[in-house]
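S.K.: my questions are about this predicted structure, shown below with the sequence.
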Amino acid sequence: MKIEEFQFCPKCGAAFSQGAGSAPEGVPTAVNTVTCGACGTTLQASDFTGVGSVPLANPQGNRNPLALVVVAVVAAAMLYFGMHMARRSGTAAASSLLTKSSEAPDFSLEQLDGKSMRLSDLRGKAVLLNFWATWCGPCKIETPWLVELQNQYGHDGLQVVGVEMGDDGKDEITKFMKDMGMNYPVLIGKEAVGEAYGGVPALPETFFIGRDGKIVDKIIGLKGKGEIEDSIKKALDTPAGNSPATAATASTADGPK
């Protein structure tokens with residue numbers, strides 16, 4: 001018999017409240033019995049026929065709403081965690097494929113003037129590819145060094161390229177460039193390009209690409225100007241190669257960010 005919530009003892013008329021009764025000692029919990037707190041009479045489920053009853057436990061099928069909410073939250077967290085780990089695994093796999101002899105993943109990104117720049121178009125030059133953001137404190141320290149190094153080594157074949165990864169608007173980026181006196185092109189970054197370069201775990205992150213289009217060095221985070229300059233020299237010392245650009249382009253100017 002399915003027991004529903006009830007209010008009164010059919011023997012003495014005393015009021016019950018849900019959960020007020022208890023099963024007598026020695027009686028299996030599967031048997032729906034309850035002891036009246038007023039008269040002490042042990043009542044069977046059949047004694048409540050027609051007048052209701054007090055459940056000894058939640059009937060099967062009756063779910064606690066709070067428990068359902070907890071289950072939903074846990075399930076959502078597990079789903080998010082699973083997707084996040086899968087994405088990180090994919091990023092780690094991409095990062096592990098990029099070594100100091102790897103072909104730099106090609107891409108095409110939009111500049112602030114609306115024109116596109118493709119990395120492979122710079123073949124024959126040594127490229128300092130710098131991922132940064134306007135809100136990045138270390139980037140503000142590093143940027144004046146990149147300006148100086150572009151001036152110093154530009155005539156030797158160096159091309160500094162900035163990729164802004166902070167989702168800032170063009171006006172904010174333009175103001176930053178003007179304040180910093182940036183003398184090299186800045187591209188509007190896209191997630192696909194960042195993932196192609198290992199996910200960009202920290203800003204700034206800089207890749208040094210030789211004249212043949214292969215990565216010769218990488219710096220994560222803020223390092224000294226001297227270390228950056230040493231890596232530039234490595235890129236400049238590479239011979240210009242005729243190897244083709246990577247077949248798969250990481251992103252296009254018209255693609256999703």
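M.R.: Arrived safely, thanks for sending.
S.K.: domain parsing of this structure, as residue ranges.
M.R.: Domain assignment of the chain by automatic domain parsing yields the ranges 1-62, 98-236.
S.K.: low-scoring stretches of the stretch 151-257 of the chain, by residue?
M.R.: The stretch 151-257 of the chain contains residues with pLDDT under 70 at 241-257.
S.K.: ranges for the helices of it?
M.R.: 170-180, 191-196, 225-236 (DSSP state H, counting those that start in this stretch).
S.K.: next, the distance between the ends of stretch 198-212.
M.R.: By CA to CA, to the nearest Å, the extent of stretch 198-212 from end to end equals 20 Å.
S.K.: no wait, stretch 207-219
M.R.: OK, stretch 207-219 end separation, CA to CA: 7 Å.
S.K.: what lies in contact with it?
M.R.: With contacts defined as CB atoms under 8 Å, 6 or more residues apart in numbering, stretch 207-219 is touched by 98-104, 119-120, 123-129, 157, 197, 205-206, 227-228, 231-232, 234-236, 238-241, 243, 245. In short, each C-beta sits where N, CA and C put it, glycine included.
S.K.: now, of the residues you listed, which are buried?
M.R.: Among the contacts of stretch 207-219, those buried by neighbour count (16 or more other CB atoms under 10 Å) are 98, 103-104, 119, 123, 125-129, 197, 205-206, 228, 231-232, 235-236, 238, 245.
S.K.: out of those residues, which are inside strands?
M.R.: A126, V127, L128, L129, E205, T206 (DSSP state E).
S.K.: just the pLDDT for E25.
M.R.: E25 is assigned 45 on the pLDDT scale.
S.K.: all strands for the chain, in order.
M.R.: So, for the chain - with DSSP E - the strands run 33-35, 42-44, 108-110, 116-118, 126-132, 158-164, 186-188, 205-209, 215-220.
S.K.: in its sheet, what does the fifth one sit against?
M.R.: Sheet neighbours of strand 126-132, with direction, are listed as strand 158-164 (parallel), strand 205-209 (antiparallel) (DSSP bridges).
S.K.: same question for the fourth one.
M.R.: Applying DSSP bridges, strand 116-118 is found paired with strand 108-110 (antiparallel).
S.K.: find the nearest non-adjacent residue to M177, please.
M.R.: V186 (6.0 Å; CB to CB, 6 or more residues apart in numbering).
S.K.: what bridges to that neighbour?
M.R.: Here V186 sits in beta bridges with G162, as judged by DSSP bridges.
S.K.: ok, back up a step: of the helices of the stretch 151-257 of the chain, which stretch is the most buried?
M.R.: helix 191-196 (a mean of 20; mean count of other CB atoms under 10 Å).
S.K.: using CSV, write out the CA atom coordinates for that helix.
M.R.: Written as CSV, here are the backbone C-alpha positions of helix 191-196 (Å, rounded to 0.1, in the frame of the first residue of the first chain):
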residue,chain,number,x,y,z
GLU,A,191,41.4,31.6,-30.5
ALA,A,192,42.2,29.2,-33.4
VAL,A,193,45.6,30.9,-33.9
GLY,A,194,46.4,30.8,-30.2
GLU,A,195,45.5,27.1,-30.1
ALA,A,196,47.7,26.4,-33.1
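S.K.: which strands or helices does it pack on?
M.R.: Packing partners of helix 191-196 (3 or more CB pairs under 8 Å, 6 or more residues apart in numbering; DSSP states H and E): helix 65-97.
S.K.: mean confidence score for the helix it packs on?
M.R.: Rounded mean pLDDT across helix 65-97 is 53.
S.K.: just name the most buried of the domains of the chain.
M.R.: domain 98-236 (a mean of 18).
S.K.: sorry, back to before: make a markdown table out of the strands paired with strand 126-132 and add distance to V193.
M.R.: Formatted as a markdown table, the strands paired with strand 126-132 follow (distance: least, CB to CB, whole Å):
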| stretch | distance to V193 |
| --- | --- |
| strand 158-164 | 7 |
| strand 205-209 | 11 |
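S.K.: those: which one's closest to C39?
M.R.: For C39, the closest of the strands paired with strand 126-132 is strand 205-209, at 78.7 Å, according to CB to CB.
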